[in-house]
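# quick check, what structure comes out for this input:
(one chain, ligands or ions: 2)
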Amino acid sequence: MALCGKVALITGGAQGIGRAVAEALLMSDCRVSLVDLNRNVGEESKTKLDAEFGEEKSLFIQCDVTDSGALQDAFKRTVERFGRLDVVINNAGINNEKNWEKTIQVNLTSVIKGTYLGLDYMSKEHGKEGGVIINVSSMAAFLHSPHQPVYTATKHGVIGFSRALADAAELGNYGVRINVLCPAFVDTPLLQTVSQEDNMGKFVKFKDDFKQRMDKFGVLKPSLIAEGMMRIITDESLNGAVMKITSSKGIHFHNYEPLSA
Ligand SMILES: NC(=O)C1=CN([C@@H]2O[C@H](COP(=O)(O)OP(=O)(O)OC[C@H]3O[C@@H](n4cnc5c(N)ncnc54)[C@H](O)[C@@H]3O)[C@@H](O)[C@H]2O)C=CC1
Ligand SMILES: CC/C=C\C[C@H](O)/C=C/C=C\C=C\C=C\C(=O)[C@@H](O)C/C=C\CCC(=O)O
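Ligands and ions are numbered 1, 2, ... in the order given. Reported below is the predicted structural model:
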C-alpha cells in the first residue's frame, strides 16, 4: 500500500507504541487520527505533531474504546474529517490483573469492535476500497508468565480472532488485510505497571521475576515496533500474518504448521 494521502486510525495513539507509529505514518505523508482515553497526553501529542507535520495532517479524538458509541463516533469523525480510511491499528491496551474484566474489555473486546468498525469503513462487502487492519498482541502470547494471566489470555485472543477473520476476509473478498503484531518488552509507560499493585494485584509479588525476564530478553524501542507496523501496512502480501518483534530475532514472523488432516 502506497501511503501518500492515505488515512490511518490508531487507538491508544497518544503515547507509547501508538504515538511512535503515528509519527512513522506522518513521515510517510499519511494522515492520522489519534484515538485515546487520555485527553491531556493526546492534546500534547497533537500539538507536537502539528508543529512537525502541520495541523491538517492529524486529528486527536478523546475516546474510551470500551464505550461502543464513542468508538463508533471516533471512526465516523475520522472519515468525516479526512474523507477516507485505509489503515486501522487497534493498539490501545492495558495491564491490569486486579480489574481483569477491564483488561478483557480494552485488550480484546475493543479490538474486536475496532476491527469490525474498520471493516464497516474499508471492506469491499460494503462498497469500500479495501485497507489493512493491525491488531496488537504481545510476545506474552508465546512466552506466558505468572505475572499477567488475563493480559496473556487477551493477547492470545487477539491472535486467534485476527487470524480467523483474515481467512474470512480472503474467502469473502473483503479487500482488507488483517494482521497481528506481537512485540516483546517495549520501553513505554505500560511497562512501568509491572511494579504497581493497583495493576498487578496479587501477582505484584512476582515483579522481580518479571524484571529478570526483561533483563534477559531486553527492552525494545517503540520506533522498532513502528518499523514493523510500516512493513505490515506496506506489504500487501500479508494477511493473517503474526509478526513478532524481539531483541534476539528482531522483526520476524511466527510460522504456523500447515493444517493437516
Ligand atoms: N510496552 C510493552 O512492553 C508491550 C506493549 N504491548 C501492547 O502494545 C499496545 C500499546 O501499549 P504501550 O504503547 O506499551 O502502552 P502505553 O500505556 O504507553 O499506551 C497505551 C495507550 O492506550 C491508551 N488507552 C488505554 N486504555 C484505553 C481506552 N480504554 N480507550 C482508549 N485508549 C486507551 C492509553 O491512554 C495510552 O495512551 C498495548 O496493546 C500493549 O498490550 C505488547 C507487547 C509489549
Ligand atoms: C507490564 C508489562 C506488560 C506487558 C508487556 C508485554 O506485553 C509482555 C511481554 C511478555 C513476554 C515477552 C517475551 C519476550 C520473548 C523474547 O524476547 C524472545 O526472544 C524469547 C524467545 C522465544 C519466544 C518463543 C517464540 O518466539 O515463539
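# now do Y174, the pLDDT please.
According to the prediction, Y174 has pLDDT 98.
# wait, a helix at it?
No: according to DSSP: H, G, I helix; E, B strand; the rest coil, Y174 belongs to no helix; its state is coil.
# that one contacts S123, correct?
Yes: with contact defined as Cβ atoms under 8 Å, Y174 and S123 form a contacting pair (4.2 Å). (Each C-beta comes from the backbone N, C-alpha and C, glycine too.)
# mind listing the shared neighbours of these two?
G130 (Cβ atoms under 8 Å, 6 or more residues apart in numbering).
# close to ligand 1: what parts of the chain are there?
Contact residues (Cβ under 6 Å from any ligand atom) of the chain with ligand 1: 11-12, 14-18, 36-38, 41, 63-66, 91-94, 106, 136, 138, 183, 185-186, 188-191.
# could you list which of these also contact ligand 2?
Among the residues of the chain next to ligand 1, the residues within reach of ligand 2 (Cβ under 6 Å from any ligand atom) are S138, F185, L190, L191.
# I'd like to know how many residues surround the first one.
What that stands for is S138. Residues within reach of S138, counting by other Cβ atoms under 10 Å, total 26.
# in contact with it, which residues?
Going by Cβ under 8 Å, 6+ apart, S138 touches Y151, T152, K155, C182, P183, A184.
# run the last query once more with 10 Å
Neighbouring residues of S138 by Cβ atoms under 10 Å, 6 or more residues apart in numbering: 93, 95, 107, 148, 151-152, 154-156, 158-159, 180-186, 244.
# that one and L3: what is the separation?
According to Cβ to Cβ, to the nearest Å, S138 and L3 sit 26 Å apart.
# circling back to that earlier point, list only buried entries from the residues of the chain next to ligand 1.
The neighbour-count criterion (16 or more other Cβ atoms under 10 Å) marks 11-12, 14-18, 36-37, 41, 63-66, 91-94, 106, 136, 138, 183, 185-186, 188, 190-191 among these as buried.
# residues in the stretch 1-150 of the chain within reach of ligand 2, list them.
Within the stretch 1-150 of the chain, the positions adjacent to ligand 2 are N95, S138, M139, A140, F142, L143, S145 by Cβ under 6 Å from any ligand atom.
# mind giving me the ChimeraX command for buried ones among the residues you listed?
Buried members of those, defined by 16+ other Cβ under 10 Å, are picked up in ChimeraX with:
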select :95,138,139,140,142
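# among the residues of the stretch 1-150 of the chain next to ligand 2, which two are most distant?
Greatest spatial distance among these (Cβ to Cβ): N95 and F142, at 16.9 Å.
# which stretches in this structure count as helices?
16-27, 39-53, 68-82, 100-104, 110-122, 149-171, 197-200, 207-217, 222-234 (DSSP state H).
# pipe these into TSV and attach mean pLDDT per row.
Below are the helices of the chain laid out as TSV (pLDDT from 0 to 100):
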stretch	mean pLDDT
helix 16-27	98
helix 39-53	98
helix 68-82	98
helix 100-104	98
helix 110-122	98
helix 149-171	98
helix 197-200	96
helix 207-217	95
helix 222-234	98
